[in-house]
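Participant: Quick one: sequence and predicted model below, then my questions.
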Amino acid sequence: MVTTILVTIGFSALLAFVIGIALAFFREKFKVERDPKIDEVRDALPGANCGGCGFPGCDGYAEAVATGRAPVNKCTAGGAATTEALGKIMGVSAVAEDKVAVLLCQGTHEKAVAKGEYVGIPTCRAAKLSTGSVKACAWGCQGYGDCVAVCKFDALAMGDDGLPHVNYDNCTGCGMCVEECPQKILTLVPRDRVGSIVLCSNRNTVKANVIKTCKVGCIKCELCVRSCPEKAITMVNGVPVTDYAKCTSCGICVEKCPTKCYKMLETDVLGTKKKVPVMAEA
Amino acid sequence: MSIKTFKGGAHPPERKERSEEKSIERVTSVSQVVIPVNQHFGAPIQPLVKVGEYVKAGQKIADAEGRMTVPVHASVAGIVKKIEPRLQSNNTEGLCIIIEPKEPEEGESSTDFMPPLDPFTCSKEEALARIRAAGIVGMGGAGFPAHVKLAPSKPISVVIANAAECEPYLTIDARTLVEMPEKVVEGVAMVMKIVNAPEGVIAIEENKKFAIPHVEKALEAFSKARPGINIRIQELKTKYPQGGEKMLITAITGREVPSGGLPMDVGCVVQNVGTLCAIVDAFKEGKPLIERGFTVTGAACKTPKNLVAPIGTLVSDLVKAGILEIDEENLARVVFGGPMMGVAVPGYEIPVQKNTSGVLLMSRDEAQYYTEETCIRCGRCMRACACRLSPALLAVAVEAGDYREAEKIGLLDCIECGTCSFVCPAHRQLVQKFRVGKQILRALKQKESQNAR
């Protein structure tokens, strides 16, 4: 009885020893060369697998960075710290682009007219596909929160007003919402940008039609273009665009805009600066 | 005569009785026309006229270079009032040319038609050029350019005239068969000549039996005038989506269009009877596609009718002119096209386009909708699917965002007929999901092919 047990133990030990040696041998023999940098880069990444870099997860991006196919500043979830760490590993210097998503539409339930009653699948994409746009404005936010659904960082939430609201503290600028939005009205803006921005994407050329469809739509009066002292505003594809190299944040366009679709990024949108009454400034 | 059909499908309530007996009425005077510039499936085209210009009926007002383009013509003689984006029947805003009718000056003609052309003696290139110049697109709904369809790269053995009209409510094709069967027969013969096909088939569903004697008579007269052209009538079982190209081909010839293929891959060309009539007009009168027949019906329509009106006629103008009467209180939904595949639009101030086969004014009872519930695994959608797909499995894949799997089990083969959604006892919005899924999958594939380059 005892001998049987002892023989079994002895045999198992011998077998384990032989297999162990064989494994060790084959491991060296069939070794797959892998750049140690990939693991180094992978360890420096946050591991959220958000896909914001455009690669399939952190593993995909790590491989791309290590092989030099991708720049080191693509990881927005990690931000400046990750970019610096990756730069150190790869021996390059890079500046992180700290961006946030901004919704270029203010068409809430009250302000934008609904085209009709939509009863289909409650996603923006489905709504746009079958109705063109659930709002009378063909360019406006559909309000079913496709962007909220893809946000991995809890930075977007649907408000009661029918528009998604960005929590700029949580937003990492990964751009998933920008990609997902079927209307393409979310845009990435550097967090520290100052100047004015038009929160409207309506490209309808007929003024009367804009007025009919939305109370906060750009009516193409071009008052902003004419009143800007720095000549920083130009109409591009039907909506005014500010040249931030010239903009001095004087606030004249914001004040002049008859439908209040011009806003100041630093005070009205991102809230990076306190609002100073225009009167006090003068 | 044997009655043929395809496998699967469903039989929604027909509700054709409202307008089936009403003969086609011609709308001659309208207060304005709003002509969408882009009414075809393909590359966009640009307006050729300016605001304030006088145009004749049949004058080309928009065109562009390119194979997949079709010109648009003024449907009435008058002054171009505006060129601006307006809501179209596909629910998007698109550039429209608005023309206000005006009598021509003394001695001038109000029309600008092309000279007649005999398709039986002219060359194939001439015939195709004429069809393009006449602005003809598939009038059944898709708006596919006819000159592209009639220039197949493979030999054609059968030309099918699609008079199945499987969509409930619509009756315009049936009325066309009853009132102008000669034109349909001649159209089939012309298309047969253009694509060099030995056989022509006019496909009619069982529920339109009353039209068959008319077509038989026309066939007899035609065979006397032009002997040797082989055209026959094929009766089909009344079933949705019998009028889908692929189903029609399977029912009549027994051939199956391969996945991702076109009817020409199995030697067939299918044209709607409305398109055939337009082709006949283009050759015999030189008249471009500037008017079309459509059915106006529905429980909220007090005057169900079959109308022929200039392209660009606003349905609201027909109401103003007293041609239509609408039960405003009961009106719950307006649909352009048939009830199964048509588009629900926000109002009726929308122009009739080249591909508008009907305008449905539905009452609250008709426009019911149900809340979506969970799949009960009954498999009815699978039995009903005319493409023999498994909608239940497709829905699972699409909902999970697994587009690779969805593609594998045939998402792109879905013809979006909506039979699955119709038969689902849990009121699952199946076809709606597939439409979104197809859009996303196509975008994914496009991205991949760009990355591969």
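Facilitator: It's in. Residues are numbered from 1 along each chain as shown, chains lettered A, B, ... in the order given.
Participant: so A:I89 sits in a helix?
Facilitator: Yes: applying DSSP: H, G, I helix; E, B strand; the rest coil, one finds A:I89 inside a helix.
Participant: what's the closest non-adjacent residue to it?
Facilitator: A:E40 (5.2 Å; Cβ to Cβ, 6 or more residues apart in numbering or on different chains). C-betas here are computed from N, CA, C, even on glycine.
Participant: Show me the shaky parts of chain B.
Facilitator: Within chain B, the segments meeting pLDDT under 70 span B:1, B:453.
Participant: Make sure the residue nearest to A:I89 is indeed in a strand.
Facilitator: No: under three-state DSSP, A:E40 sits outside any strand and is assigned helix.
Participant: In contact with B:Q429, which residues?
Facilitator: B:Q429 is in contact with A:120-121, B:372, B:421, counting by Cβ atoms under 8 Å, 6 or more residues apart in numbering or on different chains.
Participant: what about 6 Å?
Facilitator: A:121, B:372 (Cβ atoms under 6 Å, 6 or more residues apart in numbering or on different chains).
Participant: can you tell me how far it sits from A:A245?
Facilitator: 49 Å (Cβ to Cβ, to the nearest Å).
Participant: Can you give me the neighbour number for the residue nearest to A:I89?
Facilitator: Other residues within reach of A:E40 by the criterion other Cβ atoms under 10 Å in any protein chain shown amount to 17.
Participant: That one reaches A:G91, doesn't it?
Facilitator: No: A:E40 is beyond contact range of A:G91, at 11.8 Å (criterion: Cβ atoms under 6 Å).
Participant: For B:R26, give me the backbone phi and psi.
Facilitator: Dihedral pair for B:R26: phi -100, psi 130, per degrees, to the nearest 10.
Participant: Run a quick neighbour tally on A:R42.
Facilitator: 16.
Participant: tell me the contacts of it?
Facilitator: A:A62.
Participant: Please see if the lengthiest helix in chain B touches chain A.
Facilitator: Looking across chain B with DSSP state H, the single longest helix is helix B:430-452. Yes: looking at helix B:430-452 against chain A by Cβ under 6 Å from any Cβ of the partner chain, the contacts come from B:432, B:435-436.
Participant: separation between the nearest residue to A:L223 once chain neighbours are set aside and A:A245?
Facilitator: For A:L223, ignoring the flanking residues on the chain, the nearest one in space by Cβ to Cβ, 6+ apart is A:K256 at 4.8 Å. Distance, A:K256 to A:A245, using Cβ to Cβ: 21 Å.
Participant: from what I can see B:Y348 touches B:L318, true?
Facilitator: No: counting by Cβ under 6 Å, B:Y348 stays clear of B:L318, with 8.7 Å between them.
Participant: out of these two, which sits in the busier spot?
Facilitator: Neighbours per residue (other Cβ under 10 Å) separate B:Y348 from B:L318, with B:L318 holding more: 23 against 19.
Participant: Check which helix or strand the more buried one maps to.
Facilitator: Using DSSP states H and E, B:L318 sits within helix B:315-320.
Participant: Paired strands for the helix or strand immediately after that helix in the chain, with orientation please.
Facilitator: The element immediately downstream of helix B:315-320 (helix or strand, assigned by DSSP H and E) is strand B:331-336. Here strand B:331-336 has these sheet partners by DSSP bridges: strand B:343-345 (antiparallel), strand B:358-363 (antiparallel).
Participant: could I get those as JSON lines with mean neighbour count and distance to A:R193?
Facilitator: Converted to JSON lines, the strands paired with strand B:331-336 look like this (neighbours: other Cβ atoms under 10 Å in any protein chain shown; distance: least, Cβ to Cβ, whole Å):
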{"stretch": "strand B:343-345", "mean neighbour count": "21", "distance to A:R193": "41"}
{"stretch": "strand B:358-363", "mean neighbour count": "25", "distance to A:R193": "50"}
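Participant: Let me know which of those strands is the nearest to B:L411.
Facilitator: strand B:343-345 (21.4 Å; Cβ to Cβ).
Participant: Next, count neighbours for residue 150.
Facilitator: By default, I'm working from chain A. Around A:V150 there are 17 residues (other Cβ under 10 Å).
Participant: not quite, I wanted chain B
Facilitator: There are 24 residues near B:L150, going by other Cβ under 10 Å.
Participant: One more: A:A13?
Facilitator: The burial count for A:A13: 10, using other Cβ under 10 Å.
Participant: Tell me which helix or strand it sits in.
Facilitator: Going by DSSP H and E, A:A13 is part of helix A:2-29.
Participant: about what we covered before: compare A:K256 and A:A245 (neighbour count), which wins?
Facilitator: Higher neighbour count among A:K256 and A:A245: A:K256, with 14 against 8, using other Cβ under 10 Å.
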